[in-house]
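# how does the following fold in three dimensions:
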Amino acid sequence: MEHKLIAYYEQTLDVSEQQEVEQWIAESAEHKKTYEDTIRIWKSSRIDPAYTQYNKELAWQKLQQQLEEKPVVVPEKAKVITLNWRKGLAVAASIAALVILFLFINNPKPEQFTAQKEHRTIELKDESKVTLYEEAALTVAGDFNKKTRTVTLKGNAYFDIAKNRDKPFIIHDNDVKVEVLGTSFTIQQGVDYNTVFVHSGRVKATLGDKSVVAVANQKIVKDNRNNQLHILPFNNAINDALHTQIIKIKDMRVDSLAEMLENLYNIQLQMAPGIESKKVTSTYLIHSETPDQIIENIALMINASWSKTDHNQYLISK
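Coordinates of the predicted model:
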């Protein structure tokens with residue numbers, strides 16, 4: 001990113017790249033400060049532009065030439081001392097600037113992406129695509145796509161990972177590490193459970209010293225109460241709801257809706273005889289509506305009552 005910021009400062013980018021950098025700078029005060037620091041360090045170091053293209057060898061050669069230059073011979077001894085002292089300061093300043101820039105380039109800051117009230121799709125450097133759902137946040141490691149591809153997720157998101165056997169894609173999902181090579185899956189974070197729904201390929205999840213592997217139409221469930229990982233099947237009928245983050249039903253039988261809710265929220269829903277065949281029409285937002293709210297609404301629509309018998313067990317009765 002640093003070479004692109006310098007190219008933007010020198011006005012050598014094309015229109016689309018210029019707009020991309022301007023949008024990046026405008027995203028946050030941190031990005032603006034990164035741009036200003038990069039230009040300040042680059043200008044003060046007086047490095048050839050070739051260095052900004054990550055030609056570190058050329059930069060260090062230039063520094064070595066500066067160190068090996070012979071001092072200027074001046075008849076007056078005091079002037080020689082003064083000139084050498086000033087030259088020493090200049091060389092020291094160049095060394096400091098080079099070290100700072102070298103560390104800055106080799107330890108770039110993480111990138112952060114957030115979604116507000118709308119979904120946001122991001123294409124990463126490895127061509128993987130991530131859709132952040134409402135109020136989700138993704139932090140991409142500064143060394144992303146070097147030895148590994150590491151990100152940290154807060155909230156719900158859909159991942160479509162580009163396949164690369166040499167660079168595993170690692171997601172830190174709270175205290176669970178999710179590792180894949182190339183696959184698609186959805187992560188849902190909740191109060192009681194965190195769930196990885198695998199749509200294609202294979203996904204490995206690690207919690208402490210325990211690891212599990214799930215394949216398509218399986219989900220990895222982390223129980224936040226006891227820190228246990230479980231592998232369970234799920235019905236791909238919920239894929240649309242996962243993708244849109246909306247449960248939209250029309251004239252659906254209550255027992256069919258109950259199965260969908262059990263798959264999405266890892267709950268158990270029992271019904272008194274005669275209730276399962278009743279039909280309901282409604283829309284629910286996965287991000288903002290809890291199972292308690294949804295089941296209460298279902299009971300209200302069919303003129304029934306409901307109760308919660310355990311943290312994840314519900315009953316709808318007449």
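
# right, and the helix or strand after whichever helix or strand Ser16 is part of?
Ser16 is located in helix 15-26, with elements delineated by DSSP states H and E. Using DSSP H and E, the helix or strand that directly follows helix 15-26 along the chain is helix 29-45.

# now that next one: mean pLDDT?
Per-residue pLDDT values over helix 29-45 give a mean of 77.

# which helices and strands sit right next to it?
When contacts are defined as 3 or more CB pairs under 8 Å, 6 or more residues apart in numbering; DSSP states H and E, helix 29-45 sits against helix 2-9, helix 15-26, helix 77-106. No exception for glycine: its C-beta is placed from N, CA and C like everyone else's.

# got a list of contacts for the second one?
This means helix 15-26. Met1, Lys4, Leu5, Ala7, Tyr8, Gln11, Leu13, His31, Lys32, Tyr35 (CB atoms under 8 Å, 6 or more residues apart in numbering).

# repeat that for 10 Å
1, 4-5, 7-9, 11-14, 31-36, 111 (CB atoms under 10 Å, 6 or more residues apart in numbering).

# quick check: buried residues in it?
For helix 15-26, the neighbour count (16 or more other CB atoms under 10 Å) marks Val21, Trp24, Ile25 as buried.

# with only the CA atoms kept, save it in CSV.
The C-alpha trace of helix 15-26 is given here as CSV (Å, rounded to 0.1, in the frame of the first residue of the first chain):
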residue,chain,number,x,y,z
VAL,A,15,-7.9,7.9,-12.4
SER,A,16,-9.3,4.7,-10.9
GLU,A,17,-6.3,4.0,-8.7
GLN,A,18,-6.3,7.7,-7.5
GLN,A,19,-10.0,7.4,-6.6
GLU,A,20,-9.3,4.1,-4.7
VAL,A,21,-6.5,5.8,-2.6
GLU,A,22,-8.7,8.8,-1.9
GLN,A,23,-11.5,6.6,-0.7
TRP,A,24,-9.1,4.6,1.5
ILE,A,25,-7.7,7.8,3.0
ALA,A,26,-11.2,9.2,3.7
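
# identify the residues contacting the spatially most central residue of the chain.
With distances taken as CA atoms, centre = their mean, Leu138 lies nearest the centre of the chain, 2.8 Å away. Contact partners of Leu138, counting by CB under 10 Å, 6+ apart, are 110-115, 120, 122, 124, 130, 132, 151-155, 157, 159, 171.

# filter the residues you listed down to the buried ones, PyMOL style.
With 16+ other CB under 10 Å as the criterion, this PyMOL line picks the buried residues out of those:
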select buried, resi 111+113+115+120+122+124+130+132+151+152+153+154+155+157+159+171
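
# so of the contacts of Leu138, which ones are in strands?
111-114, 120, 122, 130, 132, 151-154, 157, 159, 171 (DSSP state E).
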